[in-house]
Each structure stands twice: as C-alpha cells, then as structure tokens.
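Next one to model:
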Amino acid sequence: QVQLVESGGGLVQAGGSLSLSCAASGRTFSSFSSYAMGWFRQAPGKEREFVAAIVWNDENTYYTDSVKGRFTISRDKAKNMVYLQMNSLKPEDTAVYYCAARFGSVITTTRILYPYWGQGTQVTVSS
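Next comes the predicted model:
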C-alpha cells in the first residue's frame, strides 16, 4: 500500500503564497522504480480537478492552465516528499488540495487513474 499525508494548508490573503507538502510512504511505494505524483483540488460544490503532476524519476512536470506561472511542483527523492509552491494566490484557488500517486512514468490529469490519495488539506484565499 501507499500512504500519502498532506500538510501546509491554511488561510492566506489574495496575492500571498503557501507551500503544500505530501509525504509518501509504504512498502509498495518503495518497491516501484517509477511513479507520478499529482496534486488535485476540490472546491465546495465542484468536481475534484487536476492541478499539477511530476514524474518521480525525470521530474517531468505538467500544470493545468489556470496555475501555470504561479504554482510549482517539485519532489525530494531522499525524503519521499512532493511539494506544491503556490504563489500569487487568488480566491478561486480556495479548495481542499489532495496529493495523489500512480505507478508508471506517464503523467495523466485523469483523477480515476490515480489509485492512491491523501486526506487533503484546506487552502483558503481571502479577497
């Protein structure tokens, strides 16, 4: 199994920054040579949507258009951590942010193709 634990959410004013972290662990996670880690978010009353993803081995990244140039996804191999640095935050970025993982080196924005999920962390951006 794979365990994912997010942290770093909170309340910030528009234009501010937050950094989210996701700690990955588990015997299954350690035994695979390649996987992709993603961040999704879900605002009240809306579907969970893709935000960004990174391939563990080659650090290939992909972002949804609405966060390009503002958010940066990165990973620390030694610590099994994935980060989402969020700058120039807007009220429409308010959501619960989820870390997700899938095995393989292909990035996908399709939620159902990520079998492993964290519990989520709330990000609230005030105007």
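
If we go by neighbour counts, what in the helix or strand where Ser19 lies is buried?
Secondary structure from DSSP states H and E places Ser19 in strand 18-25. Neighbour-count burial for strand 18-25, counted by 16 or more other Cβ atoms under 10 Å, picks out 18, 20-22, 24. Bear in mind the C-beta positions are built from the backbone N, C-alpha and C, glycine included.

How about stretch 45-53?
48, 50-53.

Same check on stretch 79-87?
80, 82-84, 86.

Contacts only, for Pro115.
Neighbouring residues of Pro115 by Cβ atoms under 8 Å, 6 or more residues apart in numbering: 2, 101-102.

Apply 6 Å and report the result again.
Residues near Pro115 by Cβ atoms under 6 Å, 6 or more residues apart in numbering: none.

So what does the closest residue to Ser17 other than its chain neighbours look like in phi/psi?
Across the structure, with Cβ to Cβ, 6 or more residues apart in numbering as the measure, the residue nearest Ser17 apart from its sequence neighbours is Asn87 (4.7 Å). Note on Asn87: backbone dihedrals following degrees, to the nearest 10 are phi -120, psi 160.
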